[in-house]
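Trainee: sharing a model prediction with you, sequence too.
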Amino acid sequence: MPDYSTPPPPERYELRLYVAGQTPKSLAAFANLREICETHLKGQYSIEVIDLQENPQLAAGDQIVAIPTLIRKLPTPIKKIIGDLSNTERVLVGLDLRPID
């Protein structure tokens, strides 16, 4: 018999941020993403940063056409957000963390 007294584990977010070097826009995107995750997903996320200057071949797998680009790998479906992630509201809606008003 299942134990219904234990709440289900929180959903885990696997995020991948594509950047090109240490440009101001790339650094801003990472800082903005970390702040959003710490505020809204504390302990429920992982961020993988992929620098396309070091590994340009990795852009093809996720069909990256602009940088910086954030990919939400999990939970499915996969979501993409392009830009420096400074518009917190847009990022939250893009990651399905806040309903569209």
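Mentor: Structure received.
Trainee: ranges for the strands of the protein?
Mentor: 13-19, 45-51, 69-74, 79-82 (DSSP state E).
Trainee: could you dump those into TSV and include mean pLDDT, distance to Leu58 and mean neighbour count?
Mentor: (Glycine included, C-beta is placed from N, CA and C.) TSV is the format used below for those (pLDDT from 0 to 100; distance: least, CB to CB, whole Å; neighbours: other CB atoms under 10 Å):
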stretch	mean pLDDT	distance to Leu58	mean neighbour count
strand 13-19	97	8	20
strand 45-51	96	5	16
strand 69-74	96	11	19
strand 79-82	95	15	16
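Trainee: adding distance to Ala59, write the ones you listed out as CSV.
Mentor: Shown next, in CSV, are the strands of the chain (distance: least, CB to CB, whole Å):
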stretch, distance to Ala59
strand 13-19, 7
strand 45-51, 8
strand 69-74, 9
strand 79-82, 12
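Trainee: got the confidence number for Cys59?
Mentor: Not Cys; residue 59 is Ala. Ala59 carries a pLDDT value of 89.
Trainee: give me the number of residues near the residue lying closest to it once chain neighbours are set aside?
Mentor: Closest residue to Ala59 apart from its sequence neighbours, by CB to CB, 6 or more residues apart in numbering: Leu52 at 5.4 Å. Neighbours of Leu52 under the rule other CB atoms under 10 Å: 18.
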